[in-house]
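1. Provide a 3D model corresponding to the input given below.
(one chain, ligands or ions: 1)
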Amino acid sequence: MIGVSDGSVSRPKCAEISISMAQRAFQASVSRAAGAAEGSGQALPVVSVGRAMVVWYGQCFRGGSLRKRRLDTRRCLMKAIVVTDQAAGTAGMALAECPEPTAAINDVIVEVHASGWVSTELEWPSTWIDRAGRGRAPSILGHELAGVVSALGYGTAGLSVGQRVFGLADWHRNGSLAEYVAIEARNVAPLPGDLDFTVGASLPISGLTAWQGLFQHGRLQAGQSVLAHGAAGAVGTMVTQLAREAGAYVIGTGRAADREKALDFGAHEFVDLATDALDDVGTVDLVFDVIGGDIQKRSAAMIKAGGSLVTIVGSVEARPADGLAVDFVVEADRAQLGEIARRMQEGRLRTNIGSTTTLDDAVAAFNTSERAKGKTVIRVKP
Ligand SMILES: NC(=O)c1ccc[n+]([C@@H]2O[C@H](COP(=O)([O-])OP(=O)(O)OC[C@H]3O[C@@H](n4cnc5c(N)ncnc54)[C@H](OP(=O)(O)O)[C@@H]3O)[C@@H](O)[C@H]2O)c1
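-> Next comes the predicted model:
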């Protein structure tokens, strides 16, 4: 049996990057002293900061650049977007320096080039607790990524260092709004060379959610009808395209301003939820719900006998009279990621990227009052 730390003993902490001038000067002098000591063979400086003892060890060499390392963890530092205070919302996000992750059994470490973002992430319990129910803040945000494998964990097979990958990181672990992420190898798939990292990072959550909702949970068949709510959104555009390609008749819904986009992504018709009568659509085989509440309840009543209501926004609130109701959370699946990538390469699927930003600018971008129109992608390695 191999001993595995449960991580509860000495959880490495992150330090906010926005430090004061005095701290900067202090750190610079410590770094200079460390460099001089290393060069001369003298003992390394030990510095007491309040009760914390920090020993500057030197530098790590990785990816062609020198990076700071501390002796206490022997781990390099990386930039990451972290949250520590659940009540603070997006205002509590910070760009911080955190220890780089280490690979557990069957993990890969991925050097993240781009990361997708879902704005509801701060509301998910998994952002704040681990699988044992213990608080896990500071949490590194972001769960969909594209990048390059930089290290393999013990026992990891089937992927190699230097390989381009994309995938979906565990909800309960530190995420991909960071320069590096540790992720189970089974949760990533090869990213074809003709799909860039920004595109790769935009696909895992919306692509897999649409795929699993339509084909696994909704059991969609050719010739059936789908009511795709939020059809101009990140998930909705994937639902629309995959359902139409599978031979379904797609009725998209959303706001008036979403009509053109929903039709452009393949909806056969569009219902403006504010002004059109939803009931006029008639009955459908499958409702794909991304809104919930009253819209979900009204939609449940429109489902044909033997049809399905699939929702991704919490527990089912209304069931079809004679059909299936499923709520689910998307799971990583390498084969499905491969299918999605293949469709992208063949031009059978388009991604819906609304905006891109950099890791340095991400906190400001997440704190805007503007609503995202499609997927938000963060270029971690511009
Ligand atoms: N369970 C899972 O595994 C899973 C996976 C992915 C996403 N989700 C959740 O699913 C939801 C959708 O995700 P997404 O990434 O597709 O979000 P999104 O890109 O914002 O798309 C949602 C779309 O629905 C529209 N919409 C929302 N409420 C509406 C209303 N009352 N009337 C008309 N249109 C409305 C939005 O328009 P406006 O922007 O104008 O409001 C937007 O076009 C989010 O809550 C997300 O957290 C769950």
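
2. the ligand contacts on this protein?
-> 118, 120, 205-206, 209, 230, 232-236, 254-255, 258, 273, 290-291, 312-313, 329-330, 371-372 (CB under 6 Å from any ligand atom). Just so you know, the C-beta spots here come from the backbone N, C-alpha and C atoms, and that holds for glycine as well.

3. for residue 291, see how far away the spatially closest residue to residue 263 that is not a sequence neighbour is.
-> Among residues not flanking residue 263 along the chain, residue 270 sits closest, at 5.9 Å (CB to CB, 6 or more residues apart in numbering). Noted for residue 270: a distance of 15 Å to residue 291, by CB to CB, to the nearest Å.

4. I'd like to know how many residues surround the one residue in the chain that gets nearest to the ligand.
-> Relative to the ligand, the nearest point of the chain is residue 233 (1.9 Å; CB to the nearest ligand atom). Applying other CB atoms under 10 Å, we find 25 residues neighbouring residue 233.

5. from what I see, it and residue 288 are in contact.
-> No. Contact criterion CB atoms under 8 Å: residue 233 and residue 288 do not qualify, at 11.0 Å.

6. what pLDDT does residue 27 get?
-> Here the pLDDT value assigned to residue 27 is 44.

7. ok so, going back, give me the number of residues near the residue nearest to residue 263?
-> For residue 270, the tally of surrounding residues (other CB under 10 Å) stands at 21.

8. same question, the one 10 residues further on
-> Using other CB under 10 Å, the number of residues around residue 280 comes to 7.

9. give the contact list for it.
-> By CB atoms under 8 Å, 6 or more residues apart in numbering, residue 280 lies in contact with residue 271.

10. adjust the sequence numbering to begin at 33 for everything that follows.
-> Let's use 33 as the start, then, which means that last one is residue 312.

11. you'd agree it is in a helix?
-> Yes. Assessed with DSSP: H, G, I helix; E, B strand; the rest coil, residue 312 lies in a helix.

12. nearest residue to residue 254 in space, please, no chain neighbours.
-> Nearest in space to residue 254, with sequence neighbours left out and distances taken as CB to CB, 6+ apart, is residue 279 at 3.0 Å.

13. quickly find the element holding the one you found.
-> Under DSSP states H and E, no helix or strand contains residue 279.

14. relative to residue 333, how far out is it?
-> From residue 279 to residue 333 the distance is 25 Å (CB to CB).

15. who's more crowded, those two?
-> For the pair residue 279 and residue 333, the greater number of neighbours falls to residue 333 (15 against 11), based on other CB under 10 Å.
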